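**Q** Pasting the sequence and the predicted coordinates here, then a few questions.
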Amino acid sequence: MRKKWAVMGLAASALLTFPFSAFAADEVTATTVQTNLDTFFVFLAFALVLFMQAGFAFLEAGSVRMKNAGHVAGKTVLTLGIALVAFWAFGFGLGFGDGNGFFGYQGFFLSGEEMKPLFGALAGLDIPISMMFLFHLAFAAVSLSIAFGGFAERAKLSVYIIFGVLFMIIIYPIIAHWVWGGGWLAAIGMQDYAGSTVVHLTGATAGLAATLMLKPRLGKYNKDGKPNIIPGHNQVFSVIGVFILWFGWMGFNPGSALTPSGGFFTYVALTTNLAAAAGGVAALLISWVVLGKADIPSMLNGVLAALVAITGSCAFVDVWAAVVIGLVAGVVTFFTAQWFEKAGIDDPIYAFSVHGIAGMWGAISTGLFATPELAKQVNVGGAGLFYGGGFHQLGVQLLGMIGTFIFVLVLSFIILGIMKALGGIRVTEEEEMMGLDISEHGSYGYPEQMKAVGEVDRTRANS
């Protein structure tokens, strides 16, 4: 015991006698503390958005048939790997590097803080450039995951890889540059706080192009064109996926404040959650009225659609407007999902209804509901139509929305068209019937259950 106290006494004496000048080089200032705090805040936001990939894995795996569940879930990891490498090599420079109004042409193969001067759009931030890369990488990966929703249950694995690389190099970064990287839409004041247009509409439009080119899944439509219901294999997975995505959205929207100082991120969190709640309830109620039953998948789509819509406007609108935006998104997404299915567009994950149509509504909503005070605080654009801004901001929003949709759709069609001509983009009918788990990967996500199904099928065939 005496030895223990003696050691503690020596340690205390050493601290008291150590020259305080030794700490001078590491003097902590208010600026240093603020920079560290902001950097950690953005890191948490990055982690939350990155965790959304787990939400996509649950949601999409639960929304497809059992024979494709392992493929869809595993594809999520592939998505992240493709996104990270391609965005590091070229995407971040094209999106945020110094350049012209259309794309950046500096900052490729990011190597460290010495490259920060090449990113003028991020020059006003004290946050390390490596942290901003990771933050924007997480957003880009979400956009790619949305796009891949349109490929579900029938696209070749090689198509995911090739299209994913090109999406991360020449599609997403260019749209990001237009709005967030100092491009032409930024110059005219387009309001898209966290990505209704940049992330969600971009990904959904690419997914729509794939959905149209791949054609419907086998058995989805009868000869008379009437659609058949192909339910997902696990609704509980889908519910868990939506909860994870809702949780991760706190990195998307509040995290886009890039600092906890001033507490503005809490206001963004408030508008985001109110919109999500309104969208989910509205979608459930409208499904009850139209279908005669309260449809859980419709409610889940309503929550996600509301989150998509409020993503662009969460920092620009009053609280009551956030509720309206979410409610409208939930209702509109329900009807558009029904309409697309009847029109022969087989979108297994409802990617374009949830992320595309709702993304369009999110872009338009700021042109209607943006308040002059919040637009001034965020320092982007001006007041919306309902707050005395006239049609100017609404016109800017429409221009950005339409320009994004046309650019992404045309480029996606070109890329997929070339791939289709060279080697095809869809698996064979036999492979589709077997399921992509076994045909693309050689094993099932549910091996015991699928083995039992196969034995039943063989028994029926022999009887």
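**A** That came in fine, so what should we check first?
**Q** mind listing what the closest residue to residue 277 other than its chain neighbours touches?
**A** Distance criterion Cβ to Cβ, 6 or more residues apart in numbering; nearest residue to residue 277, sequence neighbours excluded, is residue 326 at 7.0 Å. The way it works is simple: take the backbone N, C-alpha and C, and place the C-beta from them, glycine included. The contact partners of residue 326, taken as Cβ atoms under 8 Å, 6 or more residues apart in numbering, are 274, 275, 276, 277, 278, 279, 282, 306, 309, 310.
**Q** and the next element down the chain from the helix-or-strand element of the chain with minimal mean pLDDT?
**A** In the chain, no helix or strand scores lower on mean pLDDT, DSSP states H and E than helix 2-17, which sits at a mean of 45. On the C-terminal side of helix 2-17, the closest following helix or strand by DSSP states H and E is helix 30-63.
**Q** starting at the chain centroid, how far to that following helix?
**A** Taking Cα atoms, centre = their mean, to the nearest Å, one finds helix 30-63 lying 12 Å from the centre of the chain it belongs to.
**Q** Now do the buried residues in the helix or strand encompassing the residue nearest to residue 277.
**A** The secondary structure element spanning residue 326 is helix 319-342 (assigned by DSSP H and E). Applying a neighbour-count criterion of 16 or more other Cβ atoms under 10 Å, the buried positions in helix 319-342 are 321-334, 336-338, 340-341.
**Q** For residue 99, what are phi and psi?
**A** Listed backbone geometry of residue 99 is phi -170, psi -140, with angles given as degrees, to the nearest 10.
**Q** what about it, neighbour count?
**A** Other residues within reach of residue 99, judged by other Cβ atoms under 10 Å, total 21.
**Q** Find the residue closest to it in space, skipping its chain neighbours.
**A** Of all residues beyond its chain neighbours, the one nearest residue 99 is residue 105 (4.5 Å), with distances taken as Cβ to Cβ, 6+ apart.
**Q** Contacts only, for the one you found.
**A** Under the contact definition (Cβ under 8 Å, 6+ apart), the residues listed for residue 105 are 93, 94, 97, 98, 99.
**Q** Phi and psi next, for it.
**A** Per-residue torsions, residue 105: phi -140, psi 30 (degrees, to the nearest 10).
**Q** ok, now how distant is it from residue 120?
**A** With distances defined as Cβ to Cβ, to the nearest Å, the gap from residue 105 to residue 120 amounts to 12 Å.
**Q** which residues are common contacts for the two?
**A** residue 98.
**Q** Okay, residue 255 and residue 55: tell me how far apart.
**A** In this structure, residue 255 and residue 55 are 16 Å apart, going by Cβ to Cβ.
**Q** Please identify which of the two sits among more neighbours.
**A** residue 255 (26 against 23).
**Q** about what we covered before: average model confidence for whichever helix or strand comes after the helix holding residue 326?
**A** Toward the C-terminus, helix 319-342 is succeeded by helix 351 as the next helix or strand (DSSP H and E). When pLDDT is averaged along helix 351, the result is 93.
**Q** Now do residue 428 against residue 156, distance only.
**A** In this structure, residue 428 lies at 10 Å from residue 156, with Cβ to Cβ as the measure.
**Q** okay, the two: which has more neighbours?
**A** Residue environment comparison for residue 428 versus residue 156 gives the larger neighbour count to residue 156, 21 against 11, counting by other Cβ under 10 Å.
**Q** contacting residues for the more buried one?
**A** By Cβ under 8 Å, 6+ apart, the neighbours of residue 156 are 424, 425, 426, 427, 440.
**Q** Quick check: the second one touching residue 157?
**A** Spelled out, it's residue 425. No - assessed by Cβ atoms under 8 Å, residue 425 is found out of contact with residue 157, at 10.9 Å.
**Q** Assign a three-state SS to residue 365, would you?
**A** Counting by DSSP: H, G, I helix; E, B strand; the rest coil, the backbone at residue 365 sits in helix.
**Q** From residue 112, how far out is it?
**A** 39 Å.
**Q** packing partners for the strand or helix carrying residue 297?
**A** Residue 297 belongs to helix 296-313 when elements are defined using DSSP H and E. Helices and strands in packing contact with helix 296-313 are listed as helix 235-252, helix 264-291, helix 319-342, helix 358-369; criterion 3 or more Cβ pairs under 8 Å, 6 or more residues apart in numbering; DSSP states H and E.
**Q** so can I have CSV of these showing distance to residue 165 and mean pLDDT?
**A** CSV is the format used below for the helices and strands packed on helix 296-313 (distance: least, Cβ to Cβ, whole Å; pLDDT from 0 to 100):
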stretch, distance to residue 165, mean pLDDT
helix 235-252, 24, 96
helix 264-291, 32, 97
helix 319-342, 28, 96
helix 358-369, 23, 97
